[in-house]
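K.L.:
Dropping the sequence and predicted coords here.
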Amino acid sequence: MDYYTESMMGQMEIMQKRESISTLIDSPSIDTELRNQLQYVLAVREFASKSLGLPDNESYRYYADLQREYAVWNVFATPPLSLESKQWCFPVAGCLSYRGFFSPEDAARFADKMDKEGLDVFVGGVSAYSTLGWFADPLLNTMMNRTNVEIAEIIFHELAHQKLFIRNETGFNEAFAETVALAGVRHWLQSHGTADELLQYESQKTIEARFVSMVMQTRNELEKLYQSDQDETNKLREKNRLLGNLKRRYQDQRWEFPGLSRYEDWFSEDVNNAKLSAVATYREYLPGFIALLHSVDGQFLPFYQQVEALSRCDRPKRERILKDRVTDFYCPD
């Protein structure tokens, strides 16, 4: 009950601090830089509904200044010899592979509790989250320290959760939303950006893909290790070796690809199963969703229809389809 009370109070705070973006733009006292950002957001918001087929509602037509660095802090936890994230279940969202807190102190206390239970733990700050259409999600100050392109990416991602969301399927939901966000930004830049902005975005995504590839390679190596017949002592020793190899690969590639330095903080802190699982949550099924989008020539409405059809499959079949990048499938109603 303490957790639900804290969650309700955190959500109420956000709703109470909302202000209409249109009203703020017309205010003579508003900072010029903020006004320009808000005008940009309204243009992105219209594009999301008219060009990407995302929900046309009041989300991201309001602004809220929470006067803190992140909107929420998510806690991921896994057993020391498993990559399966601990699940927490909630009435609306179903079971998730993380537990969110509006207070960093509460997140830290909960993470410490998980650590004392012998679990691998990772706490990550999050700039935005979706209430799945139950409330009009506002633009937050926690998003405004990003570039304009990154703000657009977040808005497309969170609106995609309102478009389609399956209970108890965190990896499916996040990879679907990420696919919409990536493709949505490319469409936005092609029609509203410059060639240099698009080139810079593609370069950024190439670096990000290299980081994800390193993480997923190590995750696959660990998965084979944990499923092996080795005893626990050897598994723990080999786990540390593989995680050390990941850090060394990063250091080697950082000199060849300077853009990787943006992940310096990620590698400088403890790397464990939970941290790898946090990355995989958003990325494991991404290639499968991208293949589906390409199969309909990048058209969003047919893509949504394909994903909705996929959501009717049972979990094992969905996973096979996405992992094998199958684009021709049938799932009964």
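P.N.:
That came through fine. Computed from a predicted structure; not experimentally measured. Numbers count the residues shown, from 1 in each chain.
K.L.:
Read off the pLDDT value for residue 3.
P.N.:
With respect to pLDDT, residue 3 has a value of 82.
K.L.:
quick one: it and residue 35, what's the gap?
P.N.:
In this view, residue 3 and residue 35 are 38 Å apart by Cβ to Cβ, to the nearest Å. No exception for glycine: its C-beta is placed from N, CA and C like everyone else's.
K.L.:
measure residue 167 to residue 55 for me?
P.N.:
For residue 167, the distance to residue 55 - Cβ to Cβ - is 18 Å.
K.L.:
ditto for residue 113
P.N.:
From residue 113 to residue 55 the distance is 37 Å (Cβ to Cβ).
K.L.:
How about residue 237?
P.N.:
From residue 237 to residue 55 the distance is 50 Å (Cβ to Cβ).
K.L.:
Likewise for residue 206?
P.N.:
For residue 206, the distance to residue 55 - Cβ to Cβ - is 31 Å.
K.L.:
who has more neighbours, those two?
P.N.:
residue 55 (14 against 11; other Cβ atoms under 10 Å).
K.L.:
Contact partners for the more buried one?
P.N.:
Counting by Cβ atoms under 8 Å, 6 or more residues apart in numbering, residue 55 touches 49, 133, 159, 162-163.
K.L.:
Now do the same contact list for residue 99.
P.N.:
74-75, 88, 110.
K.L.:
typed the wrong thing, it's residue 54
P.N.:
With contact taken as Cβ under 8 Å, 6+ apart, residue 54 is in contact with 48, 156, 159-160, 162-163, 180, 184.
K.L.:
Now do the SS call for it.
P.N.:
The three-state label given to residue 54 by DSSP: H, G, I helix; E, B strand; the rest coil is coil.
K.L.:
pLDDT score for it?
P.N.:
98.
K.L.:
how much space between it and residue 175?
P.N.:
17 Å.
K.L.:
same thing with residue 64?
P.N.:
28 Å.
K.L.:
Which one of those two is surrounded by more residues?
P.N.:
residue 175 (23 against 19).
K.L.:
which secondary structure element contains the closest residue to residue 47 other than its chain neighbours?
P.N.:
Leaving aside its sequence neighbours, residue 47 sits nearest to residue 188 (Cβ to Cβ, 6 or more residues apart in numbering; 5.9 Å). Assigned by DSSP states H and E, residue 188 falls within helix 170-192.
K.L.:
Dump that helix to CSV, keeping only the CA atoms.
P.N.:
Written as CSV, here are the backbone C-alpha positions of helix 170-192 (Å, rounded to 0.1, in the frame of the first residue of the first chain):
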residue,chain,number,x,y,z
THR,A,170,7.5,-5.5,-21.4
GLY,A,171,10.0,-6.5,-24.1
PHE,A,172,7.3,-6.6,-26.8
ASN,A,173,5.9,-3.3,-25.8
GLU,A,174,9.2,-1.4,-25.6
ALA,A,175,10.6,-2.8,-28.8
PHE,A,176,7.3,-1.9,-30.7
ALA,A,177,7.4,1.6,-29.3
GLU,A,178,11.1,2.0,-30.1
THR,A,179,10.5,0.9,-33.7
VAL,A,180,7.8,3.5,-34.1
ALA,A,181,10.0,6.2,-32.5
LEU,A,182,13.0,5.4,-34.8
ALA,A,183,11.0,5.3,-38.0
GLY,A,184,8.9,8.3,-36.9
VAL,A,185,12.0,10.5,-36.3
ARG,A,186,13.3,9.6,-39.8
HIS,A,187,10.0,10.6,-41.4
TRP,A,188,10.0,13.8,-39.3
LEU,A,189,13.5,14.8,-40.4
GLN,A,190,12.8,13.9,-44.0
SER,A,191,9.9,16.3,-44.1
HIS,A,192,10.8,18.9,-41.5
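K.L.:
Quick one: mean pLDDT over the helix or strand following it.
P.N.:
Past helix 170-192, heading to the C-terminal end, the next element that is a helix or strand (DSSP H and E) is helix 195-226. Here helix 195-226 scores 95 as its mean pLDDT.
K.L.:
Who are the packing partners of helix 195-226?
P.N.:
helix 170-192, helix 232-256, helix 273-283 (3 or more Cβ pairs under 8 Å, 6 or more residues apart in numbering; DSSP states H and E).
K.L.:
Output the ones you listed as JSON lines; include the columns distance to residue 15.
P.N.:
Listed next are these as JSON lines, based on distance: least, Cβ to Cβ, whole Å:
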{"stretch": "helix 170-192", "distance to residue 15": "22"}
{"stretch": "helix 232-256", "distance to residue 15": "41"}
{"stretch": "helix 273-283", "distance to residue 15": "27"}
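K.L.:
To residue 316, which of those lies closest?
P.N.:
Closest approach to residue 316 among those (Cβ to Cβ): helix 170-192, 12.5 Å.
K.L.:
Identify each buried residue in the closest one, please.
P.N.:
Within helix 170-192, the residues that count as buried by 16 or more other Cβ atoms under 10 Å are 170-189.
K.L.:
What is that helix packed up against?
P.N.:
So helix 170-192, by 3+ Cβ pairs under 8 Å, 6+ apart, packs with helix 32-52, helix 148-163, helix 195-226, helix 273-283, helix 286-295, helix 300-311, helix 315-323.
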